[in-house]
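Engineer: No sequence on hand, only this structure:
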């Protein structure tokens, strides 16, 4: 049984940003030599998400607007009494989730043709980490 | 260590549909001979979901209405400038998630008495795939 | 290959409640002797959630208000025609998810410094179960 554990660090230029990390995960999978198993991709922060969706820029604008509608950025969260200003980022994290697990089959990420893995930064412009753990044979 | 990988294809009659796939996953688990491990059930499309909930038709109507409220079908998504018309299906996918992982204990899906696994089609009437990967011993 | 399977039972005093179960999961991990692998933490009910977020009481009030806004408690769900009154709890479960999977590295839960695992009860005051399954070496 083999394990591979790697960490990525992001420091986005914008406060919110979507980053396609599919090729990074593929690179780590190839380096691991694992042919069958599961790859867990998980944000290590509570103000960032990880999801699988389409690499289409119009859709990404839709996702941004949708997240702002359902978990709006604003000044009124109880969380802000601690001095923080990122209450919305915590809710966005809950909404889209912070992790995906990708099946590994014949040495590849066993995803559909349009599925791409995204790191979703909701409170960026500082170092944020993500863990990729692959387990299998 | 054992692995079992199977694919299901759905072609729903309706545009949106909920399909209980618990028995299919159980059938695949039994065929795999795996007694301890984890079963990943994951849609291979970005306009479909997989979730665990109750097999109650009233609740399914509630889920349909709720999804329409929070991620409405409509003509105004940026994504539609590509010629697509399924922006809402992408957001519904983000809302409920596209995968679950079920513990396998003593050769059975280790779920609670009301937990059933559903494939949630949000843009159907064409072939859509799902992968079931079981890993264990 | 090692497996550890344990069940926790909650009977909350309040109808809705957030319970930090990080230390329980750590205790089970240490007991398992597993050093590398994955720990699945999964509610066995369809009216409860499991998520990872911050242990900050103001944020927890924000989460409560947000869940009530997006999946409100009310009398009008179709599901209630069965005699149930917990339609909102089912939708809250779909919104935040019912499971997380935590990487296990060097015998510890490989999470970021603010990440804590919460059991989210949405329809409590009765026994509800959760399964923790750890798989690895």
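Structural biologist: Alright, I've got the coordinates. This structure is a prediction, so every number in the text was calculated from the model and none was measured. Numbers count the residues shown, from 1 in each chain, chains lettered A, B, ... in the order given.

Engineer: Tell me the secondary structure at residue A:61.
Structural biologist: helix (DSSP: H, G, I helix; E, B strand; the rest coil).

Engineer: what's it in contact with, if anything?
Structural biologist: Residues in contact with residue A:61 (CB atoms under 8 Å, 6 or more residues apart in numbering or on different chains) are residue B:78. Bear in mind the C-beta positions are built from the backbone N, C-alpha and C, glycine included.

Engineer: For residue A:4, see how far away it is.
Structural biologist: To residue A:4, residue A:61 is 35 Å away according to CB to CB, to the nearest Å.

Engineer: What strand or helix carries the residue nearest the centre of chain A?
Structural biologist: In chain A, the centroid-proximal residue (CA atoms, centre = their mean) is residue A:50; its distance is 2.2 Å. Here residue A:50 sits within strand A:48-53, counting by DSSP states H and E.

Engineer: what's that strand in contact with?
Structural biologist: Contact partners of strand A:48-53, identified using CB under 8 Å, 6+ apart, comprise A:10, A:41-43, A:59, A:63, A:89, A:92-93, A:95-100, A:102, A:111, A:115-123, A:128, A:130, B:46, B:90, B:93-94, B:98.

Engineer: what's the burial count for the residue lying closest to residue A:36 once chain neighbours are set aside?
Structural biologist: Excluding the flanking residues, the one nearest residue A:36 by CB to CB, 6 or more residues apart in numbering or on different chains is residue B:3, at 4.5 Å. Using other CB atoms under 10 Å in any protein chain shown, residue B:3 is surrounded by 20 other residues.

Engineer: Shouldn't residue A:89 be within a helix?
Structural biologist: Yes. Per three-state DSSP, residue A:89 lies within a helix segment.

Engineer: wait, doesn't it sit right on residue A:122?
Structural biologist: Yes. Between residue A:89 and residue A:122 there is a contact under CB atoms under 8 Å: 3.7 Å.

Engineer: that older thread, what pairs with the residue nearest to the centre of chain A across the strands?
Structural biologist: For residue A:50, the beta-bridge partners are residue A:119 (DSSP bridges).

Engineer: gap between it and residue C:4?
Structural biologist: In this structure, residue A:50 and residue C:4 are 26 Å apart, going by CB to CB.

Engineer: swap in residue A:120?
Structural biologist: Taking CB to CB, one finds residue A:120 at 32 Å from residue C:4.

Engineer: Those two: who's more crowded?
Structural biologist: Neighbours were counted for residue A:120 and for residue C:4 using other CB under 10 Å; residue A:120 has more, 26 against 18.

Engineer: Residue B:97 versus that one, what's the distance?
Structural biologist: In terms of CB to CB, residue A:120 sits 14 Å off from residue B:97.

Engineer: Same check on residue A:57?
Structural biologist: Separation of residue A:57 from residue B:97 (CB to CB) stands at 23 Å.

Engineer: With neighbour numbers in mind, choose between those two.
Structural biologist: For residue A:57 versus residue B:97, neighbours defined as other CB under 10 Å are more numerous around residue B:97 (25 against 13).

Engineer: Show the model's pLDDT score for the more buried one.
Structural biologist: Note for residue B:97: predicted pLDDT of 98.

Engineer: next one: the one 10 residues further on
Structural biologist: Each residue has a pLDDT score; the one for residue B:107 is 98.

Engineer: OK, contacts around it?
Structural biologist: For residue B:107, the contact set (CB under 8 Å, 6+ apart) comprises B:29, B:30, B:34, B:35.

Engineer: repeat that with 7 Å
Structural biologist: Taking CB atoms under 7 Å, 6 or more residues apart in numbering or on different chains, we find residue B:107 in contact with residue B:35.

Engineer: next one: residue A:12
Structural biologist: A:121, A:124, A:125.

Engineer: Apply 6 Å and report the result again.
Structural biologist: Residue A:12 is in contact with A:121, A:124, counting by CB atoms under 6 Å, 6 or more residues apart in numbering or on different chains.

Engineer: go on, residue A:6?
Structural biologist: Taking CB under 6 Å, 6+ apart as the criterion, residue A:6 is in contact with A:28, A:132.

Engineer: and it, which of the three is it?
Structural biologist: strand.

Engineer: and what of the one 3 residues further on?
Structural biologist: State at residue A:9, reduced to three classes by three-state DSSP: strand.

Engineer: mind checking how far it is from chain B?
Structural biologist: Counting by CB to the nearest CB, to the nearest Å, the gap from residue A:9 to chain B is 25 Å.
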